[in-house]
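S.K.: Got a predicted model here, sequence first, then my questions.
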Amino acid sequence: ARTSPQQPMLQLEPGHRIVAAAVAERMAAPAETRESIDVCCSDFGALYHVSALPEQRHVLRISAVLECFQEVEAAVGRGYFAKLYGEMLEATPEPGYSLTLALNLDQLPQDEAARAALVLRLSSVKTDVIGAPLRLCLAALQGNARPPKPHYAVHYGGGECMYVVPQLDVVVVVFALAFSNSTEAAIARIFLQEAEMSRRQAKELSTAPSITYSQDAPLELRQVDPSSP
């Protein structure tokens, strides 16, 4: 079966719902009933391709293309994704895609929790790529180590960018958003203000990151040298 992406849809889950469903279905199918698969689906700034060839139905491939992939890979190092995905990462991605993961359906973990974690990992390629600089900075902060770089910039699409600025005791993340009109900007401001108010009022959210919204660049971003990589 083959499906094509229609209009992009906002997904709030860590992984892509269609990719997760396709992977979980193939993992649950008995070996003797496996079928080839060819599914394409989109997310903001990303396109996924889930496939299994008729002559190689035991190998499920998940490919993704993101316009920011080369920028992120250059920032975190080529070995980052090899360490993250291990043997699943193919040396040469599918033509037209940024990276390809290959899952051998004959070598799946028996534990259901491990299988669920694998489905989540395979459907979260976009999250893994865009979030790579943040995870590096948080790991350095947790280990009391110096961050690899003074700041990171991820241009993930639509004229928008995420900046990650590590400091001594915190990691500041700044999203530069592009609004098509003033109504969108007003909705975003109200949404973020409500989120920050909820964080302050709810005890269970007291340790969540604080949120600020401004039309001007925050101090942490103004201190970044725009000429540095």
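M.R.: All right, it came through fine.
S.K.: Quick one: the strands in the protein, in order.
M.R.: Assigned by DSSP state E, the chain shows strands spanning 2-3, 37-43, 46-52, 59-66, 99-104, 152-157, 160-166, 171-176.
S.K.: Just send those strands back as CSV, with mean neighbour count and distance to residue 74 too.
M.R.: For the C-beta atoms, the positions are set from N, CA and C on the backbone; glycine is no exception. Listed next are those as CSV, based on neighbours: other C-beta atoms under 10 Å; distance: least, C-beta to C-beta, whole Å:
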stretch, mean neighbour count, distance to residue 74
strand 2-3, 11, 33
strand 37-43, 19, 22
strand 46-52, 21, 18
strand 59-66, 22, 13
strand 99-104, 19, 14
strand 152-157, 20, 10
strand 160-166, 20, 14
strand 171-176, 16, 19
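S.K.: Check those for me: which has the lowest mean pLDDT.
M.R.: For those, the weakest mean pLDDT is recorded on strand 2-3, namely a mean of 46.
S.K.: okay, how far is it across stretch 206-215, tip to tip?
M.R.: 26 Å (C-alpha to C-alpha, to the nearest Å).
S.K.: From the chain's centroid, how far away is that stretch?
M.R.: 21 Å (C-alpha atoms, centre = their mean, to the nearest Å).
S.K.: try stretch 189-198
M.R.: 24 Å.
S.K.: Any figure for the gap between residue 190 and residue 200?
M.R.: Plainly put, residue 190 is 16 Å away from residue 200 if you go by C-beta to C-beta, to the nearest Å.
S.K.: ok, back up a step: got JSON lines for the strands of the chain, with distance to residue 26 too?
M.R.: What follows is these, written out as JSON lines (distance: least, C-beta to C-beta, whole Å):
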{"stretch": "strand 2-3", "distance to residue 26": "15"}
{"stretch": "strand 37-43", "distance to residue 26": "6"}
{"stretch": "strand 46-52", "distance to residue 26": "7"}
{"stretch": "strand 59-66", "distance to residue 26": "5"}
{"stretch": "strand 99-104", "distance to residue 26": "8"}
{"stretch": "strand 152-157", "distance to residue 26": "28"}
{"stretch": "strand 160-166", "distance to residue 26": "32"}
{"stretch": "strand 171-176", "distance to residue 26": "35"}
